[in-house]
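Participant: Give the three-dimensional model of this entry:
(3 chains)
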Amino acid sequence: MPVEPDFPDTDKIPRALLAWYESHARDLPWRKLPNALKSEGAPDPYHVWLSEIMLQQTTVAAVKPYFAEFTRRWPDVQALAAADEADVLAAWAGLGYYARARNLIACAKVVMSEHDGRFPDNETELLKLPGIGAYTAAAIAAIGFDQHAVVVDANVERVVARLFGIDAPLPGSRSTIREYAEQITPHFRAGDFAQAMMDLGATLCRARDAKCLLCPLSDHCAARNLADPTRIPVKAPKKAKPQRIGHAYWLEAQGHVALVERPAKGMLGGMRALPDDGWRAGADGDGIAPAEAEWENRGEPVAHVFTHFSLQLQLMVATPGSFDPDALPDVQWWPVDNLDNAGLPTLFAKVARRKMG
DNA sequence: AACGCGGGGTA
DNA sequence: TACCCAGCGTT
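Facilitator: Residues are numbered from 1 along each chain as shown, chains lettered A, B, ... in the order given. Alright, predicted model coming up:
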């Protein structure tokens, strides 16, 4: 039986959490800590935005090197808006969910053209920008501008569900969880509170490991009294992943390999890639090569797992002495010795490694 | 409301 | 292997 939203400890929760955060905040590149030791003033909204987009469904460890590289190459939103789109997509390669990179560019351009190069400081306006949804708008408003906003990500969902013993399954319980999150979100230090909730979820109140003995909120927590606090939140069962097979084609002539640019919509949209035979989530590839050549099987298929299907991708290789460029007008002939800089998404980077041995 | 969309870390 | 992760846009 969940506790009512007017749970008497709703005021104690943010205070206990913020006190814990003072000494346990993670030291992250995009963050200005509240500690005097590290305090450097307000965070740069550009850094907050960039990190939030990169962190969507992506772990902190994966984001760190990308954040460093992006801020080095494009130090502000003006630089990013003026960047070559192919360069930005290539720099994003390996991070996944490539629509984020396309929306990142679009958002930077809108901020320049419609907001005078400054990010809006409120949720409503932030929500109108490409790639910024309910979570990210709230996070930027709170963290970047210290605005009151209820920030609910997967960490907050888990912490709140456990605090109030919400055992209805996600995603159906999302609106209920949000109501409780509103109850405990203070009207001061909004950014610190949001980040403290995320740090608690990332370091103590973890999905499969609840370190209740170390938790500053355990006195206020319903799940604390369960035999297994990690039973909450309950999640709906996942659908099985289909298994797909397909081919990728390595066509090499005179030290160059044929790359294509994938369609802007759909999987790996807009990314450079090897030609393939049309495999997708709903169907296997047709085995038809992109051009007439002496194709040879090369090694075992490369195994790769996407969100919604698994793929076995067979590498096919042809290396004619010369090749008529007009026969494949849409390909870019990329120097084989510079393939590391082609910005191939991980699937095709794996296939290229198979080829290079 | 459900689905499509990457990839790496972790137990 | 299975699950998880600072979600968003489309249908």
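Participant: Write out the residues of the stretch 251-357 of chain A neighbouring DNA strand B.
Facilitator: Neighbours of DNA strand B within the stretch 251-357 of chain A, by Cβ under 7 Å from any atom of the strand: A:266-269, A:280-282, A:304-308, A:345-347. Where you see a C-beta, it was placed from the backbone N, CA and C, and this is true even at glycine.
Participant: Can you tell me which of these is nearest A:V160?
Facilitator: The nearest member of these to A:V160, counting by Cβ to Cβ, is A:T307 at 25.0 Å.
Participant: Packing partners of the longest helix along chain A?
Facilitator: Ranked by residue count under DSSP state H, the longest helix found in chain A is helix A:99-114. Packing partners of helix A:99-114 (3 or more Cβ pairs under 8 Å, 6 or more residues apart in numbering; DSSP states H and E): helix A:45-54, helix A:77-82, helix A:85-92.
Participant: ok, and which of those has the densest surroundings?
Facilitator: Most buried of the helices and strands packed on helix A:99-114, by mean neighbour count (mean count of other Cβ atoms under 10 Å): helix A:45-54, with a mean of 23.
Participant: So what's the gap between it and the chain middle?
Facilitator: Distance of helix A:45-54 from its chain centroid, counting by Cα atoms, centre = their mean, to the nearest Å, is 11 Å.
Participant: which one of the helices and strands packed on helix A:99-114 lies closest to A:R100?
Facilitator: For the helices and strands packed on helix A:99-114, the distance to A:R100 is smallest for helix A:45-54, at 5.5 Å, taking Cβ to Cβ.
Participant: what does that closest one rub up against?
Facilitator: Outside helix A:45-54, the residues that touch it by Cβ atoms under 8 Å, 6 or more residues apart in numbering are A:28-30, A:63, A:66-67, A:70-71, A:76-77, A:95, A:100, A:103-104, A:107, A:118-119, A:121, A:131-132, A:136, A:139-140, A:143-145.
Participant: let's see 6 Å
Facilitator: Contacts to helix A:45-54, defined as Cβ atoms under 6 Å, 6 or more residues apart in numbering, come from residues A:30, A:63, A:66-67, A:76-77, A:100, A:104, A:119, A:131, A:136, A:139-140, A:143-144.
Participant: Show me how to select, in PyMOL, the buried members of the residues you listed.
Facilitator: Applied in PyMOL, the following selects the buried portion of the contacts of helix A:45-54 according to 16 or more other Cβ atoms under 10 Å:
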select buried, chain A and resi 30+63+66+67+77+100+104+119+131+136+139+140+143+144
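Participant: Among the contacts of helix A:45-54, which lie within helices?
Facilitator: Among these, DSSP H puts A:63, A:66-67, A:77, A:100, A:104, A:136, A:139 in helices.
Participant: Go through the longest helix of chain A and flag the buried ones.
Facilitator: Neighbour-count burial for helix A:99-114 [16+ other Cβ under 10 Å]: A:100-105, A:107-109, A:111-112.
Participant: thinking again about what came up before, near DNA strand B too, which of the contacts of helix A:45-54?
Facilitator: Among the contacts of helix A:45-54, DNA strand B is touched by none when using Cβ under 7 Å from any atom of the strand.
Participant: Out of the contacts of helix A:45-54, which one has the weakest pLDDT?
Facilitator: Within the contacts of helix A:45-54, A:W30 has the lowest pLDDT, namely 93.
Participant: May I have the phi/psi pair for that one?
Facilitator: Note on A:W30: backbone dihedrals following degrees, to the nearest 10 are phi -90, psi 10.
Participant: so how far is A:C205 from whichever residue of the stretch 1-150 of chain A sits closest to DNA strand B?
Facilitator: Per Cβ to the nearest atom of the strand, A:G96 is where the stretch 1-150 of chain A lies closest to DNA strand B, at 2.6 Å. Noted for A:G96: a distance of 25 Å to A:C205, by Cβ to Cβ, to the nearest Å.
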